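Undergrad: Here is my input; please provide its structure:
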Amino acid sequence: MDAIQQAHQERLHAHQAQVDAASQPHQLRLAEAADRDAAERDKAPVRLTVLYTLERRANDDERHRQTIVNIVCAYLRMPYA
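TA: Okay, the predicted model is just below:
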């Protein structure tokens, strides 16, 4: 390999190292976002199960109906991140 080709390869390698270093924080943010999304998807069926259970309880027991409505409304009013 002559000197020109070697210099070109070294510049190319240095540039790739810069690109990799610059994109690493972005890749980490993407990975963290994917982890959060997966965790939220796992929680969704649990939330729905709880809501359906509360609905059945409210339909079956009039004494607790208003309390259950209050709980569901409070949950719906919670800030969404």
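Undergrad: which regions of this protein sit below the pLDDT cut-off?
TA: 1 (pLDDT under 70).
Undergrad: the strands in it, which residues?
TA: Counting by DSSP state E, the chain has no strands at all.
Undergrad: quick one, longest helix in it?
TA: Determined from DSSP state H, the single longest helix within the chain is helix 3-60.
Undergrad: distance between it and the chain's centre?
TA: 7 Å (Cα atoms, centre = their mean, to the nearest Å).
Undergrad: helices or strands next to it in the packing?
TA: The contact analysis (3 or more Cβ pairs under 8 Å, 6 or more residues apart in numbering; DSSP states H and E) places helix 3-60 against helix 62-77. In this view, the C-beta of every residue, glycine as well, is placed from N, C-alpha and C.
Undergrad: roughly how far is the helix it packs on from the heart of the chain?
TA: For helix 62-77, the distance to the chain centre is 28 Å (Cα atoms, centre = their mean).
Undergrad: Kindly tell me how buried the spatially closest residue to residue 51 that is not a sequence neighbour is, as a neighbour count.
TA: Leaving aside its chain neighbours, residue 51 sits nearest to residue 72 (6.8 Å; criterion: Cβ to Cβ, 6 or more residues apart in numbering). Residues near residue 72, counting by other Cβ atoms under 10 Å, number 15.
Undergrad: measure residue 72 to residue 34 for me?
TA: Residue 72 sits at a distance of 30 Å from residue 34 (criterion: Cβ to Cβ, to the nearest Å).
Undergrad: and what of residue 10?
TA: For residue 10 relative to residue 34 (Cβ to Cβ), the value is 35 Å.
Undergrad: same thing with residue 60?
TA: Counting by Cβ to Cβ, the gap from residue 60 to residue 34 is 40 Å.
Undergrad: So which bits of stretch 56-63 are buried?
TA: residue 58 (16 or more other Cβ atoms under 10 Å).
Undergrad: how deep is residue 70 tucked in, by neighbour count?
TA: Count around residue 70 with other Cβ under 10 Å applied: 10.
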